[in-house]
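Engineer: Need coordinates for the following:
(one chain, ligands or ions: 1)
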Amino acid sequence: MSKNIFPEGFLWGGATAANQFEGAYNADGKGLSVQDVTPQGGVPAHPGEHDPLITQEPNADNLKLEGIDFYHRYKEDIALFAEMGFKVFRLSIAWSRIFPNGDEIEPNEAGLQFYDDVFDELAKYGIEPLVTLSHYETPLHLARQYNGWASRDLIVFYENYVRTVFTRYKNKVKYWLTFNEVNSVLHAPFMSGGIATPFDELSKQDLYQAVHHELVASASATKIGHEINPDFKIGCMVLAMPAYGMTSNPLDQLAVHEFENQNYLFSDIHARGKYPNYIKRFFKENNIEIQFAPGDEDILKNTVDFISFSYYMSVAQAHNPEDYDSGRGNIMGGVSNPYLESSEWGWQIDPVGLRLVLNNFYDRYQLPLFIVENGLGAKDILIDGPDGPTVEDDYRIDYLHKHLVQVGEALKDGVELWGYTTWGPIDLVSASTAQLSKRYGFIYVDRNDDGTGSLTRYKKKSFNWYKEVIATNGGKLYE
Ligand code: BG6
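Structural biologist: Down below sits the predicted model:
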């Protein structure tokens, strides 16, 4: 009996975000987004930092302004994805290409045309687009003028934006995600939610009210999308980070429970259509009173068709975190787990955690799942190979292989999974550090952290490996 259990039609592919790879930050009428003024990667809002980013202008040091120039090279890049056999390609629409300030009534035609061209190119190869509507790129004007999602006004602007793109692409795109890592707004309110108030001045009341605005907007987008095309599959996207108790002390398990509930809050509301009971106590004890406008309760009942998530790492939690090394991580963290190794950037590598995440989400909601980010950020060295410059990235193959084997285990456990897209199938600019040297790709891009480089693309060893994984629908993992 074959060990391979990946279902027929499984959507293999890769995932990107406009602000990290398109470049052309001001071309063809595009407005600025929060990323265009956050040269060091846009996670400015840490306690104690009074960040002046909101007042800054684009700075030439910011690698995201040029990205890897997908805007002008999309045909070459999509041809490479097709060569690997991609079934799906995740990209975001830059909101500020369509509505440069975010609050206009009429869209920018040149921005709409660009994505038409990209979707047509994908269609040529039979690659299904998976589109994130908002991936850490709120139009800057909305941050400056309205304080981002802290303002209820953004719901209307977002509805106008999503209605525009749903209508325009209703026959070209089927799979949509409303907000990238929607739970990250609790930790990086500027990058994630365009909220300009420095983190340590932002009250919990205002932060959770902003969360409410995003959740209402997300549910509203689901409703609008289904009205425009009932065949749309619209999902939420959360940052998944399973947590382990540092010890079997019940207080450590309670710390795990509280950490996980902070994240489950988002998927619970998206999947169940209402606030869970456990958050009521948290709100009460923190004097938070969410202002519901008339109709919000009904809007939230528009639940998602599937749950998607990013997965890079797990953490450990303890009731006394100060007694341990801190576990650095993707936007949120905990304490360091002594059983796990870490990437060069300190993210702890845990393939089994992915199996747990899949099982936990599926048990909780019985909704289809989609892994829309997973991968290893690593420093690559370009060497001369028989067919030209390449990278011997066995470490990346090893990471992905181990995670995919655990995906296979979860499939055997019975989870329903639509697909898997690795993060950054082509090197792009890191969200958290704004480096190009933190590379995730199967395709190397000649661009360095100082901005030099020809932007030429080279295939890494992992390129052929992933191609075979796809061609065998996962069978390669079991050779
Ligand atoms: C996720 C984001 O948090 O992690 C991506 O959705 C990001 O935008 C990815 O790039 C990897 O993080 P980083 O900081 O290594 O780019």
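Engineer: how far away is Thr178 from the ligand?
Structural biologist: Between Thr178 and the ligand the computed distance is 14 Å (CB to the nearest ligand atom, to the nearest Å). No exception for glycine: its C-beta is placed from N, CA and C like everyone else's.
Engineer: how many neighbours does that residue have?
Structural biologist: 25 (other CB atoms under 10 Å).
Engineer: contacting residues around it?
Structural biologist: Neighbouring residues of Thr178 by CB atoms under 8 Å, 6 or more residues apart in numbering: Leu133, Ser134, Val162, Ala217, Ser218, Ala221, Thr222, Ile234, Gly235, Cys236, Met237, Val304.
Engineer: near the ligand too, which of the residues you listed?
Structural biologist: The subset of these within reach of the ligand, by CB under 6 Å from any ligand atom, is empty.
Engineer: What about those residues, which are in helices?
Structural biologist: Those of the contacts of Thr178 mapping onto helices are Val162, Ala217, Ser218, Ala221, Thr222, per DSSP state H.
Engineer: Please list all residues in contact with His212.
Structural biologist: By CB under 8 Å, 6+ apart, His212 lies in contact with Ile290, Gln291, Phe292, Asp296.
Engineer: Now, of the residues you listed, which are buried?
Structural biologist: Neighbour counting over those (16 or more other CB atoms under 10 Å) leaves Asp296 as the buried ones.
Engineer: quick one: which of the contacts of His212 is nearest the ligand?
Structural biologist: Lowest distance from the ligand to the contacts of His212 (CB to the nearest ligand atom) belongs to Ile290, with 25.8 Å.
Engineer: Test my guess that that closest one contacts Tyr208.
Structural biologist: Yes: contact criterion CB atoms under 8 Å: Ile290 and Tyr208 qualify, at 6.2 Å.
Engineer: Please identify every residue contacting each of these two.
Structural biologist: With CB under 8 Å, 6+ apart, Ile290 and Tyr208 have common neighbours Phe283.
Engineer: There's contact between Gly451 and Asp61 in this structure, I believe.
Structural biologist: Yes: shown here, Gly451 and Asp61 form a contact pair, counting by CB under 8 Å, at 7.4 Å.
Engineer: nearest spatial neighbour of Asn101, skipping sequence neighbours?
Structural biologist: Distances taken as CB to CB, 6 or more residues apart in numbering put His141 closest to Asn101, at 3.9 Å, once the chain neighbours are dropped.
Engineer: who's in contact with the one you found?
Structural biologist: Applying CB under 8 Å, 6+ apart, the residues near His141 are Gly31, Leu32, Pro100, Asn101, Gly102, Asp103.
Engineer: How about Asp398?
Structural biologist: Contacts for Asp398 (CB under 8 Å, 6+ apart) come out as none.
Engineer: buried stuff in the strand or helix carrying it?
Structural biologist: Following DSSP states H and E, one finds Asp398 within helix 394-413. Going by neighbour count (16+ other CB under 10 Å), the buried part of helix 394-413 is 396-397, 399-401, 403-411.
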